[in-house]
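Undergrad: no FASTA, just this:
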């Protein structure tokens with residue numbers, strides 16, 4: 001594992017025509033994971049739940065953001081909250097799995113009980129404690145937003161963009177109501193690469209003809225386009241083959257900073273969360289959603305097989321790239337202005353986050 005020492009020049013914003021990729025230490029350095037947790041994940045919106053998991057009062061979904069355990073709770077008043085899943089007594093968990101219809105939140109360690117809004121209701125056997133006010137204790141709360149059937153949370157909303165700015169313009173482009181699609185299943189993959197290497201790979205179609213022959217036949221590489229917004233990007237392409245199992249329309253690949261992807265085809269969506277597991281490992285969580293129509297079962301079976309094929313190809317190349325980054329012989333290369341605009345956009349957002357963090361630490 002390489003030493004991680006940031007050179008000031010690495011954090012300067014770049015323009016597409018002369019841009020280079022992030023240097024290798026951001027992907028391999030011993031301090032890279034700590035920096036990302038602090039500068040990126042703790043200061044951004046994170047996808048934490050499918051809204052169907054917390055649809056009714058008392059529904060609880062367990063999550064984690066930047067190492068902080070959370071519970072997403074639908075209160076008795078219908079309000080959605082993202083509470084810290086850490087008891088104010090001695091840090092025990094309030095929930096260890098999803099729950100339906102809970103009346104309260106009870107710590108598994110010593111039984112302290114909280115209302116669904118996070119206020120402490122009762123503390124077992126604390127009657128002899130002096131100057132102890134049950135009513136003054138409550139669980140810390142993260143910001144929460146519900147959008148298109150998905151729930152996002154932000155630990156530090158003061159340093160994250162407004163949620164409306166994060167997704168501005170997406171609703172009008174979709175052509176379908178994502179919240180009407182039904183969750184089907186999750187598939188997870190552990191990948192031997194840094195989370196940013198996986199995101200970089202997602203953000204460009206440059207590799208399609210070389211890595212994804214099947215996907216390249218489905219899409220129109222000549223018409224493949226990347227559009228950039230302040231906090232997200234969109235790669236899109238018409239569906240080329242008239243007999244494909246998705247039907248007529250287009251493929252929309254949305255990236256929402258810093259680690260969420262929405263892969264949208266007619267009647268289908270995948271959400272991808274890229275979760276760091278260390279400098280050289282990440283987990284990719286795919287949640288599959290489908291329209292419930294006459295073609296649903298055939299679409300699901302064909303889509304799963306095709307997605308597995310594409311994901312295997314992506315894992316293979318990303319793991320090979322990580323080895324190259326860690327080789328000690330890689331110098332940051334030039335980006336292709338025509339095909340790697342999404343990579344440039346993402347890496348400039350990272351540079352800004354790292355520069356902000358360096359300024360606070362100085």
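TA: Structure received. This is a predicted model, so every value here is computed, not measured. Numbering: from 1, shown residues only.
Undergrad: test my guess that residue 134 contacts residue 121.
TA: Yes - Residue 134 is within contact range of residue 121, at 7.4 Å (criterion: Cβ atoms under 8 Å). (C-beta placed from N, C-alpha, C; glycine too.)
Undergrad: and residue 157, what does it touch?
TA: 142-143 (Cβ atoms under 8 Å, 6 or more residues apart in numbering).
Undergrad: against residue 151, how distant is it?
TA: Distance from residue 157 to residue 151, counting by Cβ to Cβ, to the nearest Å: 15 Å.
Undergrad: not counting sequence-adjacent ones, nearest residue to residue 265?
TA: residue 246 (4.3 Å; Cβ to Cβ, 6 or more residues apart in numbering).
Undergrad: neighbours around that neighbour, how many?
TA: Around residue 246 there are 19 other residues, counting by other Cβ atoms under 10 Å.
Undergrad: same check, this time on the one 5 residues further on
TA: Counted with other Cβ under 10 Å, the neighbours of residue 251 add up to 21.
Undergrad: swap in the one 10 residues further on?
TA: Other residues lying near residue 261 total 23 when counted by other Cβ under 10 Å.
Undergrad: try the one 4 residues further on
TA: Number of residues near residue 265 (other Cβ under 10 Å) recorded here: 22.
Undergrad: so residue 200, which of the three states?
TA: Three-state assignment for residue 200 (DSSP: H, G, I helix; E, B strand; the rest coil): helix.
Undergrad: verify the stated contact: it with residue 345.
TA: No - look at residue 200 against residue 345 with Cβ under 8 Å: they stay out of range, at 11.1 Å.
Undergrad: which residue is nearest the centroid of the chain?
TA: Using Cα atoms, centre = their mean, the residue of the chain that lies closest to the mean C-alpha position is residue 260, 3.3 Å off.
Undergrad: for that one, which residues are in contact?
TA: 46-47, 271-274.
Undergrad: before we move on, what about residue 108?
TA: Residue 108 touches 92-94, 96, counting by Cβ under 8 Å, 6+ apart.
Undergrad: now swap in residue 115 and tell me
TA: 104-105, 121.
Undergrad: again with residue 266
TA: Applying Cβ under 8 Å, 6+ apart, the residues contacting residue 266 are 176, 239, 246-249.
Undergrad: same check on residue 149?
TA: 50-52, 178-181, 289.
Undergrad: now, those residues that are in strands?
TA: 50, 289 (DSSP state E).
Undergrad: most surrounded residue in the contacts of residue 149?
TA: For the contacts of residue 149, neighbours tallied by other Cβ under 10 Å; top is residue 289, 23 neighbours.
Undergrad: what bridges to that residue?
TA: Residue 289 has these beta-bridge partners by DSSP bridges: residue 183, residue 269.
Undergrad: could you check how far it is from residue 178?
TA: Distance of residue 289 to residue 178, computed by Cβ to Cβ: 7 Å.
Undergrad: over to residue 294?
TA: For residue 294 relative to residue 178 (Cβ to Cβ), the value is 20 Å.
Undergrad: so what touches stretch 270-282?
TA: Under Cβ under 8 Å, 6+ apart, the answer for stretch 270-282 is 1, 27-30, 32-33, 36-37, 41, 46-47, 150, 190-195, 198-199, 202, 259-263, 283-289, 307, 322, 326.
Undergrad: tell me the buried residues within those.
TA: In these, burial by neighbour count holds for 27-29, 32-33, 36, 41, 46-47, 150, 191, 193-195, 198-199, 202, 259-263, 284, 286-289, 307, 322, 326, counting by 16 or more other Cβ atoms under 10 Å.
Undergrad: what sits against residue 148?
TA: Applying Cβ under 8 Å, 6+ apart to residue 148 gives the contacts 167, 170-171, 174, 177-179.
Undergrad: ok, these vs residue 231, which is closest?
TA: residue 167 (8.0 Å; Cβ to Cβ).
Undergrad: find the nearest non-adjacent residue to that closest one, please.
TA: Distances taken as Cβ to Cβ, 6+ apart put residue 147 closest to residue 167, at 5.9 Å, once the chain neighbours are dropped.
Undergrad: okay, and the beta partners of the one you found?
TA: residue 150.
Undergrad: doesn't residue 163 make contact with it?
TA: Yes - between residue 147 and residue 163 there is a contact at 7.2 Å, judged by Cβ under 8 Å.
Undergrad: common neighbours of the two, please.
TA: Common neighbours of residue 147 and residue 163 (Cβ under 8 Å, 6+ apart) do not exist.
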